[in-house]
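>>> Predicted model and sequence follow; I will ask about them next.
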Amino acid sequence: MTELFTDKALLAAADEGAAFRILYERYWEILYKKALARVGNDADAQDVVQQAFISCWRNKGHIEIKDSLAPYLYAAIKYAIIKLVYRQAKKGVLLPLNAEELEHTELTTEELLAYKELQTVIANEVSELPERMQEIYRLSRMEHLQVTEIAARLNISEQTVKNTLHTALKRLREKLGKYNSLLLFLL
């Protein structure tokens, strides 16, 4: 029965409580799984999903959707994760998050400047690594290739790729010590 109502119709529905419940039931599980994969624990994942729904409901009058509310909710999840990461980083708690996701998320000017500065510092440090190590690091972190793909492309063993990546990351973390609170999700 809930499939009879489009997301657009639910956002405009007079019975807000019922409309919210339908949307929540429609999207909660997929959003929770996405958040859990990023933040790694149940409580934070639930908080992130709750923040996404709160944002959605508060802004429902301004949300323009074509067919589905999913893109808005996915963006809200990303933004909530970013906020969580920054709050936790300030406390010294690190959460995994990749740089690609940060690029597609709305950040404050201060957060964006800090992120861009850190990217520049990492790029400079990567350029100081031995040439082969740079190549393997870039294939892994910038082209997002798996160890097996890198090994095949460079005609080297998978263990060599793993060892080289481990060494590169260790060197970078040592050289970028003052940025430790943000490094885990950028390297």
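Received, thanks.
>>> all contacts plus neighbour counts: C-alpha atoms, from now on.
Will do.
>>> what about stretch 36-56, distance to the chain center?
Its chain's C-alpha centre and that of stretch 36-56 lie 12 Å apart, by Cα atoms, centre = their mean, to the nearest Å.
>>> List the buried residues for that stretch?
Within stretch 36-56, the residues scored as buried using 16 or more other Cα atoms under 10 Å are 36, 38-39, 44-53, 55-56.
>>> can you check stretch 167-174 too?
Residues 168-169, 172-173 are the ones in stretch 167-174 that count as buried (16+ other Cα under 10 Å).
>>> Of the residues you listed, which belong to helices?
168-169, 172-173 (DSSP state H).
>>> follow-up on the earlier one: need the worst-confidence member of the buried residues of stretch 167-174.
Ranked by pLDDT, these bottom out at Arg173 (77).
>>> Redo the ones in helices among the buried residues of stretch 167-174 as TSV? Include distance to Asp67.
TSV is the format used below for these (distance: Cα to Cα, whole Å):
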residue	distance to Asp67
Ala168	45
Leu169	43
Leu172	44
Arg173	44
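>>> mind listing what the residue nearest to Ser157 when sequence neighbours are not counted touches?
Nearest non-adjacent residue to Ser157, counting by Cα to Cα, 6 or more residues apart in numbering: Ala151, 5.5 Å away. Residues near Ala151 by Cα atoms under 8 Å, 6 or more residues apart in numbering: 157-158, 160-161.
>>> How about Ser127?
Shown in contact with Ser127 (Cα under 8 Å, 6+ apart): Gln134.
>>> try Cys56
Shown in contact with Cys56 (Cα under 8 Å, 6+ apart): 63, 72-73, 76.
>>> Report the buried members of those residues.
For those, a burial check counting by 16+ other Cα under 10 Å picks out 72-73, 76.
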